[in-house]
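In: Predicted coordinates and the sequence they were generated for:
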Amino acid sequence: MYFQLTEEQKLIRETVRSFAEKEVAPSAAERDENECFDRELMFDKVAELGLAGIVFPEEYGGAGADYISYAIAVEELSRVCASTGVTLSAHLSLGANPVWLFGTEEQKLLFLKPLAEGSKLGAFALTETGAGSDAGGTKTYAVREGDEWVVTGSKIFTTNGGDAETYIVFARTDKNAQKHHGISAFIIDKDTPGFTFGKKEKKMGIRSSPTRELVFENCRIPADRLLGKAGEGFKIAMKTLDGGRIGIAAQALGIAQGAYEAALNYARERKQFEQPIAGFQAVQFLLADMALRIEASRLLVYQSAWRASAGLSYGKESAMAKLSASETAMWVTTKAVQVHGGYGYTRDFPVERMMRDAKITEIYEGTSEVQRLVIGTAITRG
Amino acid sequence: MNLDLNEEQALIRATAREFAAAELEPVAAALDRGEQQELFLENLKKLAELGFMGLNVKVEYGGSEAGVIAFSVALTEIARACSSTAVTVSVNNMVCEVIQAVGSEQQRRSYIPRICCGEYLAGAFALTETGAGSDPAALTTVAVKDADDWILNGSKIFITSAPYAGVFVVWAVTDRSAPKGKGISCFLVEAGTPGCIVGRAEEKLGQHASATNEVLFQDCRVPGSALMGRLNDGFRVAVGELAGGRIGIGSLGLGIGLAAIEAAGRYSLERKQFGRSISDFQAIQWKIADAATELEAARLLLMNAAFRKEQGRSFAKEASMAKLFATEAANRACYEAMQIFGGYGYTTDFPAERYSRDVRLTTLYEGTSEIQRLIIAREVLRSYV
């Protein structure tokens, strides 16, 4: 075992941290307040750093780096702005990765390359009103007509929805099949006739990341936009989400790290009872527990990333990483507000936003309950 | 032991519940968005008319004289619908009680009836300063004697209800040479007194309808009769009153927790995944069971603290225990409730996200959870000496 980042990974951390602190952090509070997605800052500039397709080969527009580098990039962005972190995670893990994993050579050149280069933004549309934790409840359907598929239905809670150009959309293609059988995945362009956007969600946190409803009304797409084989959609979704969990785990890790540092700095400066509150055991122990839980989560996140790059199975490990990192983020941000006292409840300090942002990491790309289901099933299957 | 409410307490709870369901709950989400503030103020007036602003205050001063248990159950019912309204009610009661406890007869007759009847929509408790949070004895606002008057200078932060408060209970240093905590006095400053300025409003995570402002004192001259209680005895008064306030905030936390778990429980019965209601899954049932158990224990701790206060016994330790346990349990209940709602819980279409933001303040104000632990430990250790 070798617990040290490579020179390349260190360089990526330095580069992304410097960008995040100089460019992303200053507007984070204002973008949160105004629910503003600043694409140039939150995606185009991120792409200029080579992050939009960091894990994909250079021939497809990527940077050829490993998943640990990717996790570090999402972590560093999320350390100052969780919305910027999830924009990259949803784009790369959910929008681009299924094309890399399941796309034909033509699809990779046509769709993956612009996504990886960052000239297009990606999104992933699986969730529906009746299909949350239970993706087998998908009702959106696609019917084959000649050389086209006709898609009808609607999707909710799509991250980057409305702003992305390329969507991975799941629809039923076999009406007779039950539950998770008979679902297929499609690549759909933003400007396709019959494809429109519904309401933009008003959310507790990650408010500068757009979340929209997608509506498909007799939306016709060419037959070659089917991703993988017909009926393979559920498998594609699950495989994609295995990888997506590394991104969300890294996002949660970054939020936790940012809140921990804010609490530490505040505790060293804030004086009560004639001394910095960092001198009190009650505060020291909180900071110690924060550091401990973050470190444990970081190792789980990097381990699952390492396994993904090494070609090993990582479904269980990425579920563990996501579960641990997201619950750590919620706990750390809540306690960081506590260390700040009344000030922490105001918008003058960033921990208030971080706490609102942290909550979603326990919910999206599989709730904590679903992670426990994945882990529990994996370890009891024998 | 009789764990039932008496008839009067049960009636007050029923009245609070009815009012909360009819008037508060329907506007709570809009108030949270910063809309319809006039309804918030109108409801304060109506609550005063129903007798909720002086529940533990004598009838001769306009109070309801219903006791501390009635105060606790009323606060819980109000908070189930709107925690911003509840905190205003809690602070108003606390202000009335502190004036009743240490004010002169004239001060009692001047201010308590006005808060109780709603002529003053609120009273404010101005203790906290930028450098004096958990350590209130470190406050630096000063009051200097000038002939018969006092002149106040300094600034207070995080003052609940400041823009619509009719009177401020203000703590200031009156003897700078005294040891820490020994030279502080308490004053009653009427809103509109020249030099008493309501400053910037805080932007908060939750409890948006309840105003939280800075209050500045710039050569603010008040008459000698504004001094409340004995000179240089103010810190002891503040610490004593906060213990009563803690029963209020604990009861408020309980109300938010109950609302959250009820909303989530109802949702779990309706929401279908994997072909059945999610309430059929043990993972969901356990969350509801744990939250219900913890909130029930919190309620009993609150009732115990309220009972002891009502009986005139010591209750500081019990109030701290009740506040600590109830607010921490309520926080857990709200987050678990959001978890039961899944992605919907994170949106403003359901109340879980508002409850989660509102509840967070309960472990911070009127003594953080850390300060409650400090008080409990001190009291427990003292009993072993």
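Out: Nice, thanks for sending it over.
In: Report the contact partners of A:Gly244.
Out: Contact partners of A:Gly244, counting by CB atoms under 8 Å, 6 or more residues apart in numbering or on different chains, are A:89-90, A:93-94, A:97, A:124, A:365. Yep, even glycine has a C-beta here, placed from its N, CA and C like the rest.
In: brain fart, A:Gly130
Out: A:137, A:139, B:272.
In: ok, back up a step: would you mind checking which of the contacts of A:Gly244 is nearest to chain B?
Out: Nearest to chain B among these: A:Glu365, at 10.4 Å, using CB to the nearest CB.
In: Can you classify that closest one as helix, strand or coil?
Out: coil (DSSP: H, G, I helix; E, B strand; the rest coil).
In: Next to chain B in this structure, residues from the stretch 151-300 of chain A, please.
Out: A:156-157, A:201-205, A:271-274, A:282-283 (CB under 8 Å from any CB of the partner chain).
In: Can you flag which of the contacts of A:Gly130 belong to strands?
Out: B:Lys272 (DSSP state E).
In: Please report the distance of the spatially closest residue to B:Leu55 that is not a sequence neighbour from A:Arg144.
Out: By the measure of CB to CB, 6 or more residues apart in numbering or on different chains, the closest residue to B:Leu55 outside its immediate chain neighbours is B:Phe71, 4.1 Å from it. Distance, B:Phe71 to A:Arg144, using CB to CB, to the nearest Å: 68 Å.
In: Per-residue pLDDT of residue 375, please?
Out: Unless you meant another one, I'm taking chain A. Each residue has a pLDDT score; the one for A:Ile375 is 91.
In: Let me rephrase: I mean chain B.
Out: Predicted confidence (pLDDT) for B:Ile375: 93.
In: for the helix or strand that contains B:Ile159, packing partners?
Out: Element membership of B:Ile159 [criterion: DSSP states H and E] is strand B:149-160. Where contact means 3 or more CB pairs under 8 Å, 6 or more residues apart in numbering or on different chains; DSSP states H and E, strand B:149-160 is packed against helix B:83-102, strand B:122-126, strand B:142-146, strand B:165-173, strand B:184-190, strand B:212-222.
In: any idea of the mean pLDDT in the second one?
Out: Along strand B:122-126, the predicted confidence averages to a pLDDT of 97.
In: Tell me which other helices or strands that strand touches.
Out: Packed next to strand B:122-126, using 3+ CB pairs under 8 Å, 6+ apart, are helix B:83-102, helix B:105-117, strand B:149-160, strand B:165-173.
In: could you pull out the helices for the chain?
Out: All of this is about chain A. A:7-19, A:28-34, A:39, A:45-48, A:67-80, A:82-89, A:97-102, A:105-107, A:113-117, A:233-269, A:281-310, A:315-340, A:351-361, A:368-380 (DSSP state H).
In: look at chain B instead
Out: Under DSSP H, chain B gives helices at B:7-19, B:25-32, B:37-49, B:68-81, B:83-102, B:105-117, B:234-270, B:282-310, B:316-341, B:352-360, B:369-384.
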